[in-house]
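1. Here is my input, please return the structure:
(chains A, B and C)
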Amino acid sequence: MTTLLQASDLTRKYGDSIAVDAVSFELEEHTATALIGPNGAGKTTTLSMLAGLVSPSQGAIRFSDNEKKDIRSIIGFLPQYPKFFPWLSALEFTEMAARLSGVDTRQAIRDAKNTLEFVGLGDAMNKKTGTFSGGMKQRLGLAQAIVHKPKLLLLDEPVSALDPVGRRQVMDLLKELQQETTILYSTHILNDAEEMTDQLLFLRQGKLVEQGSLNEVRARYAEPRIIIEFESLQELQRFTKATEWKVTSKGLIASIDVQTEGVDISSILSVLCTGLFMVRKVERQTASLEEIFMKVAVI
Amino acid sequence: MKGLSVLLQKEWREHIRNYKVLWIPIVFIVFGILEPVTNHFLPEIMKSVGNLPEGADFTWPEFKGEEIFVSLLGQYQLIGVLVIILAFMGTISGERKNGTATLLYVRPVSFRYYFLSKWIVVNGIVLGSVWLGFMAAWYYIDALYNHVNALPVLGFIATYSIWLIFVVTVVLALSAWLPTGGAAGLAILVTLVYQVIDSLIGAYWSVSPWKLSMYASYWFNPDSELSDLWMSLCLTVILIAILVLFGIFMSRRNAAKTTV
Amino acid sequence: MKFMAELANIPWNLILPIIVLQLILMTIALIDVIRHQRTNGPFIMWIFIIVFVNLIGPILYFVFGRRQV
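-> Alright, predicted model coming up:
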């Protein structure tokens, strides 16, 4: 793995308030990193700094690929609410975007067409962007961000404005893009983050409070437990009496903390078998990203 | 240079599709025709419409063609400059406010080209319109008044063109610096209001961009001393260059203020 | 009769270009306002301004009334 980008001590102040506070992280090539945090945590500001829109008050962003003079030519950026010149067609806009990023004219037209097909705007490419719906704008935003084949793709809430079908389609597109490029995206929809992420960055009040791979973060917060669903309440009560483990129950479900009680699936199963308990389901569970998020984000 | 040509195309497309390429020239041409025509027919119109009392003999001043050029310039100074300010006040600030600038600023585009592309296209539209307006006026003046020689007319329009480039540069530089409303207000102050001040207390100095519109008429008077005109032209060109640099600097500095 | 004579006296060849240009200006403004139907302030008001306020009407529309989609 080679490092594409290194952000160290990244800070942005607006007057007295600190939007991003000494954030450091690395992005490996061909990985997807999810930037998570509640509203106002500094996600957009962080992305804006990487995109070159906002200059950091402190800290540095280093690209391994520093032969290029203007770093913006290897970046693609999708703002949360992309705004287009309403009097340009989707094709004209995407072509302009490619040419501004240094693609020569003929290639730009070809690339723009292919990219628009790729994001599903093939039929609408000659329509004026002023007539586009929110979902179409989001797709066009993605198209302009990837048309020049950037090494780094910065996406601010790429799917949060979409309906479930659109969200599914765009997530699939992003996963496809992940093969060729490095993606850093912010989201507050944790299912999306769970689906496509090699690295998680948790921001809270401008500070990076948690970082690591999905599994690492899970391991830290997971509190794995074993869940048993019984056939009846009597069975559950019989079970709680029969064991020494601390059992928390809710309805027909009993839950045992793996770490504090030192249990695993097989030890539970042997108890269940010897006592001939009537059971519907036994399952090992870890905290969902959402539960982790609540813990990390809400202090 | 490549980035510049892409941006020039974008600006040109924008002004075609918002009809500025059409309506601004028409406005200038209409005023260019109206001025000689109304001045020529005013006496007749007044005679037939305004019921002048019997025996009231009004002598209307006989205008010369040159004077019509100058009075048309007076029209352009108010209505034309106002149209320029209002039509182009949001050229940069508007893109920043509505967020369309964001997707330009994240591309490897130099702010020099960004500002210059707008400056070139807006100047093109404004100068094209004004020249068409004066040409139309010239045609009517030749038909209704007297023949005016080409050389003084070209000198007259060229001098006025430098003033208008100055106006356009002020508007764009302010639009790079301030929000649209502030840019418009300050542009009106700098071009129109200061013009009045310069003419009131400006007797103490003779070199000033705000005097160019007056100096332009010197071309029609062969006895005029043109040194003040040339000095003012030089000063104006220098100020235009400084304002362009200021505009480039401000569009870069304010890039972070764009709506993300 | 006097009126007709005066009408004939008007040098139409000189006036006509102004009328034509004003009509073009008005038509562009009208086409634009009807196609977009999005204006600052009431849409119908702008149609009246464009049609009935000579010359200045369309200019006012383009400067103040027109809204980018």
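
2. What residues are bridge-paired with residue A:256?
-> residue A:226 (DSSP bridges).

3. got the contact list for it?
-> Residues touching residue A:256, when contacts are defined by C-beta atoms under 8 Å, 6 or more residues apart in numbering or on different chains, comprise A:225-226, A:228, A:245-248, A:263, A:268. C-beta coordinates here come from the backbone N, C-alpha and C atoms, glycine included.

4. Which of the residues you listed fall in helices?
-> Counting by DSSP state H, those place residue A:268 in helices.

5. Filter the contacts of residue A:256 down to just the buried residues.
-> The neighbour count (16 or more other C-beta atoms under 10 Å in any protein chain shown) marks A:225-226, A:228, A:245, A:247, A:263, A:268 as buried among the contacts of residue A:256.

6. coming back round to it: can you tell me which of the contacts of residue A:256 is nearest chain C?
-> Checking the contacts of residue A:256 against chain C by C-beta to the nearest C-beta gives residue A:225 as the nearest, at 54.2 Å.

7. Identify the residue nearest the closest residue to chain B within chain C in space, chain neighbours excluded?
-> Of all residues in chain C, residue C:63 sits closest to chain B, with a separation of 4.4 Å (C-beta to the nearest C-beta). With sequence-adjacent residues excluded and distances taken as C-beta to C-beta, 6 or more residues apart in numbering or on different chains, residue C:63 is closest to residue B:86, at 4.4 Å.

8. try residue A:264
-> Distance criterion C-beta to C-beta, 6+ apart; nearest residue to residue A:264, sequence neighbours excluded, is residue A:258 at 6.9 Å.

9. now do residue A:253
-> Nearest one to residue A:253, counting by C-beta to C-beta, 6+ apart, is residue A:229 at 5.1 Å.

10. Spit out the contact partners of the one you found.
-> A:252-254, A:279-282.

11. ok, now which ones touch the residue nearest to residue C:63?
-> If a contact means C-beta under 8 Å, 6+ apart, then residue B:86 has B:184, C:63-64 as its contacts.

12. got the residues of the stretch 1-150 of chain A near chain B?
-> A:44, A:48, A:51-55, A:70, A:72-73, A:75, A:77, A:79-85, A:87-88, A:92, A:96-97, A:99-102, A:141, A:144 (C-beta under 8 Å from any C-beta of the partner chain).

13. does chain C sit close to the host helix or strand of residue B:137?
-> When elements are defined using DSSP states H and E, residue B:137 is found to belong to helix B:111-144. Yes. Part of helix B:111-144 sits close enough to chain C to count as contact by C-beta under 8 Å from any C-beta, namely B:136, B:140, B:143-144.

14. Over to stretch B:181-197?
-> No. Using C-beta under 8 Å from any C-beta, stretch B:181-197 stays clear of chain C, with a minimum separation of 10.4 Å.

15. and the residue nearest the centre of chain C, what is it in contact with?
-> The centroid of chain C falls nearest to residue C:26 when counting by C-alpha atoms, centre = their mean (3.2 Å). Applying C-beta under 8 Å, 6+ apart, one finds that residue C:26 lies in contact with C:50-51, C:57-58.

16. Looking at the backbone only, give me phi and psi for it.
-> Note on residue C:26: its backbone torsions stand at phi -60, psi -40 [degrees, to the nearest 10].

17. Against residue C:33, how distant is it?
-> As judged by C-beta to C-beta, to the nearest Å, residue C:26 and residue C:33 stand 11 Å apart.

18. and the closest residue to chain C within the stretch 1-150 of chain A, how many neighbours?
-> Among all residues of the stretch 1-150 of chain A, residue A:130 sits closest to chain C, at 3.4 Å; criterion: C-beta to the nearest C-beta. The burial count assigned to residue A:130 is 16, neighbours taken as other C-beta atoms under 10 Å in any protein chain shown.

19. That one - nearest residue in space that isn't next to it in sequence?
-> residue A:86 (2.9 Å).

20. Could you confirm that neighbour falls within a strand?
-> No. According to DSSP: H, G, I helix; E, B strand; the rest coil, the state of residue A:86 is coil, so it is not within a strand.

21. Quick check: the residue nearest to residue A:253 vs residue A:268, distance?
-> If you go by C-beta to C-beta, the gap between residue A:229 and residue A:268 works out to 13 Å.

22. between those two, what contacts are shared?
-> When C-beta under 8 Å, 6+ apart defines a contact, the residues bordering residue A:229 and residue A:268 alike are residue A:282.

23. Quick check: buried residues in the helix holding residue B:137?
-> Neighbour-count burial for helix B:111-144, counted by 16+ other C-beta under 10 Å, picks out B:111-119, B:121-127, B:129-134, B:136-138, B:140-141, B:144.

24. Stretch A:132-149 now?
-> Judged by neighbour count using 16+ other C-beta under 10 Å, the buried positions of stretch A:132-149 are A:132, A:135-149.

25. right, is that stretch up against chain C?
-> No. For stretch A:132-149, no contact with chain C is found by C-beta under 8 Å from any C-beta; the gap never falls below 9.8 Å.

26. thinking again about what came up before, what subset of the residues of the stretch 1-150 of chain A next to chain B is buried?
-> Buried residues within the residues of the stretch 1-150 of chain A next to chain B, defined by neighbour count using 16+ other C-beta under 10 Å: A:44, A:48, A:51-54, A:72-73, A:75, A:77, A:79-80, A:82-85, A:87-88, A:92, A:96-97, A:99-102, A:141, A:144.

27. The residue positioned nearest the centre of chain B: what secondary structure?
-> With the centre of chain B defined as its mean C-alpha position, the nearest residue by C-alpha atoms, centre = their mean is residue B:164, 3.6 Å away. Under the three-state scheme (three-state DSSP), residue B:164 adopts helix.

28. Nearest spatial neighbour of it, chain-adjacent residues omitted?
-> Ranked by C-beta to C-beta, 6+ apart and with sequence neighbours excluded, the top spatial neighbour of residue B:164 is residue B:126, at 5.7 Å.

29. what are the ranges of the helices in chain C?
-> Using DSSP H, helices in chain C cover C:2-9, C:12-36, C:43-52, C:56-60.

30. Nearest to residue B:67 among these would be which one?
-> Comparison of the helices of chain C against residue B:67 by C-beta to C-beta identifies helix C:12-36 as nearest, at 18.6 Å.

31. partners of residue A:128 in the sheet?
-> residue A:89.

32. Contacts only, for it.
-> For residue A:128, the residues meeting the contact criterion (C-beta under 8 Å, 6+ apart) are A:86-89, C:69.

33. Residue A:226 now?
-> By C-beta under 8 Å, 6+ apart, residue A:226 lies in contact with A:255-256, A:258, A:263-265, A:268, A:282-285.

34. farthest-separated two in these?
-> The most widely separated members of the contacts of residue A:226, counting by C-beta to C-beta, are A:255 and A:264 (14.6 Å).

35. filter the contacts of residue B:86 to the buried ones?
-> Using 16+ other C-beta under 10 Å as the burial test, those include residue B:184 as buried.

36. and which of the contacts of residue B:86 is nearest chain A?
-> Using C-beta to the nearest C-beta, residue C:63 is the member of the contacts of residue B:86 that lies nearest chain A, at 17.2 Å.

37. hmm, back to that, can you say which of the contacts of residue A:226 are buried?
-> In terms of neighbour count (16+ other C-beta under 10 Å), the buried residues within the contacts of residue A:226 are A:256, A:258, A:263, A:268.

38. Run a quick check on the third one versus residue A:245, I expect a contact.
-> Yes. Residue A:263 is within contact range of residue A:245, at 6.2 Å (criterion: C-beta atoms under 8 Å).

39. okay, stretch B:100-114 in CSV with CA atoms only?
-> These are the backbone C-alpha positions of stretch B:100-114, laid out as CSV (Å, rounded to 0.1, in the frame of the first residue of the first chain):
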residue,chain,number,x,y,z
THR,B,100,-21.8,27.8,-9.2
ALA,B,101,-18.2,29.1,-8.7
THR,B,102,-17.4,26.2,-6.4
LEU,B,103,-17.1,23.7,-9.2
LEU,B,104,-14.8,26.1,-11.1
TYR,B,105,-12.6,26.9,-8.1
VAL,B,106,-11.8,23.2,-7.4
ARG,B,107,-10.3,22.8,-10.8
PRO,B,108,-6.8,23.8,-11.7
VAL,B,109,-7.9,27.2,-13.0
SER,B,110,-5.8,30.3,-12.4
PHE,B,111,-7.7,33.2,-11.0
ARG,B,112,-5.9,35.3,-13.5
TYR,B,113,-7.7,33.5,-16.4
TYR,B,114,-10.9,33.4,-14.4
